[in-house]
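> Build me a model:
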Amino acid sequence: MELVPKRRLLLFSGRSHPKLANDIAKYLGVELSNANLREFADGEVHCKFDESVRGTDVFILQTHSKPVNDSILEQLIMIDAAKRASAKRITAVCPYYGYSRQDRKSSGREPITAKLVADMITNAGADRVVSMDLHSGQIQGFYDLPFDHLTAMPVLIEYLESQNMKEMVIVAPDAGRVKVAERFGQQLGLDLALVHKRRPTGTANQVEALHVVGDVEGKTCVLIDDMIDTAGTICAAAEILKNHGANKVIAMATHGLLSDPAAERLAKAPIEKVVITDTLPVRPNINLDKLEVLSISKIIADAIDAVFEDTSVSEIFGGHNLA
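Residues are numbered from 1 along each chain as shown. Now for the predicted structure:
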């Protein structure tokens, strides 16, 4: 007897960003499957899939938004449930990867929490991981599983191309973002500048911008970063760019964490627009007129489809998704 296996794709989502999950399902042309997530009185999370997942390709979507620990654990529980229900392949889709900034030891007696998250996702039973614009590309090396690193660059570039690009320059807000900013500059045919910054020893969410490398006088400066958390880096960079004669400043980032006091800082900063993507939900109390949110649901849907069909994910980005 010879059987031809019928492949099935099932997409499950945690509760951290339901709108993004529904948008991705719409692009894929599938119904979002129900994980029936609920909590016991003491806060423990329970999961029970509505349908059989035996022999299926299961994609478990959860962006690690605030409260980040709850979001991660909820995804782990869903992965474990799929593994124990005999799913053929389980892909953890994490648009924003929690703890990505803790990717190395910067001083003694510190954890490498990004590696701990990788170990937990692996041990829960994931066979593959998909994420977007990691804070550090080395996180991919924390896994002994296939890891697809996506980028929001096509969406951000499309936005910039719709703007008036005369006298525009791409600016890296710190040395760590130079490579990414360089890619944007190459794609758009624009010059590159760099803001040199320093973080005071022993502090978190504090930054000092020191000086600018490159010509920004009279130009529209586009600050490119992977995330905006408390907005200290972006606002300090915008201040120094204006002091060096920049005409206007646009801030762009993939992940809009926007932790307090980000909204207040951005409102007061000399920034004309703040452009982020919807990898994370924007909290209802964020009232910022200059904020624009772009959708990355199609990019993630295309990547899920490529994984399911066993085709190239890199081709979606023309090979520009390498960290």
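
> which residues are contacting stretch 104-111?
102, 112, 136, 138 (C-beta atoms under 8 Å, 6 or more residues apart in numbering). Where C-beta positions appear, they are placed from N, C-alpha and C, glycine not excepted.

> And the pLDDT at His211?
pLDDT, His211: 83.

> which residues does it contact?
Here His211 is in contact with 195-196, 240 (C-beta under 8 Å, 6+ apart).

> cool, Ala92 as well?
Ala92 sits next to 60, 62, 75, 79, 121, 126, 128-130 when contact means C-beta under 8 Å, 6+ apart.

> Could you give the secondary structure assignment for it?
The local conformation at Ala92, judged by DSSP: H, G, I helix; E, B strand; the rest coil, is strand.

> Can you tell me the element the nearest residue to it once chain neighbours are set aside falls in?
Using C-beta to C-beta, 6 or more residues apart in numbering and skipping residues adjacent in sequence, the residue nearest Ala92 is Ala126, 4.3 Å away. Secondary structure assigned from DSSP states H and E places Ala126 in neither a helix nor a strand.

> Pro261 versus Ala126, what's the distance?
36 Å (C-beta to C-beta, to the nearest Å).

> So which of the two has more stuff around it?
Legend: neighbour count by other C-beta atoms under 10 Å for Ala126 and Pro261, higher for Ala126 (26 against 14).

> what sits against that one?
Shown in contact with Ala126 (C-beta under 8 Å, 6+ apart): 60, 79, 90-92, 145.

> got the phi/psi numbers for Ala236?
Dihedral angles of Ala236 (phi, psi; degrees, to the nearest 10) stand at phi -60, psi -40.

> Would you map the helices across the stretch 201-323 of the chain?
Under the criterion DSSP state H, counting those that start in this stretch, helices of the stretch 201-323 of the chain are mapped to 232-243, 262-268, 297-309.

> residue ranges with poor pLDDT in the stretch 201-323 of the chain?
201-210, 319-323 (pLDDT under 70).

> for it, what spans make up the strands?
Using DSSP state E, counting those that start in this stretch, the strands of the stretch 201-323 of the chain run over residues 208-213, 220-228, 248-256, 273-277, 291-294.

> list the contacts for the closest residue to Thr220 other than its chain neighbours?
Closest residue to Thr220 apart from its sequence neighbours, by C-beta to C-beta, 6+ apart: Met168 at 4.6 Å. Residues near Met168 by C-beta under 8 Å, 6+ apart: 160, 188, 190, 219-222.

> Only whichever of those residues are buried, select them in PyMOL.
The buried residues among the contacts of Met168 can be selected in PyMOL (16 or more other C-beta atoms under 10 Å) with this line:
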select buried, resi 160+190+219+220+221+222
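
> could the contacts of Met168 go into CSV alongside distance to Lys66?
Output for the contacts of Met168, formatted as CSV (distance: C-beta to C-beta, whole Å):
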residue, distance to Lys66
Leu160, 29
Leu188, 33
Leu190, 34
Lys219, 35
Thr220, 32
Cys221, 30
Val222, 27
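
> one step back: mind putting the strands of the stretch 201-323 of the chain into a markdown table with distance to Glu39?
Formatted as a markdown table, the strands of the stretch 201-323 of the chain follow (distance: least, C-beta to C-beta, whole Å):
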| stretch | distance to Glu39 |
| --- | --- |
| strand 208-213 | 43 |
| strand 220-228 | 29 |
| strand 248-256 | 27 |
| strand 273-277 | 29 |
| strand 291-294 | 29 |
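
> Among the ones you listed, which comes closest to Arg283?
Closest to Arg283 of these is strand 248-256 (C-beta to C-beta; 9.7 Å).

> which SS state does the residue nearest in space to the middle of the chain fall under?
With distances taken as C-alpha atoms, centre = their mean, Tyr96 lies nearest the centre of the chain, 3.7 Å away. Using three-state DSSP, the structure places Tyr96 in coil.
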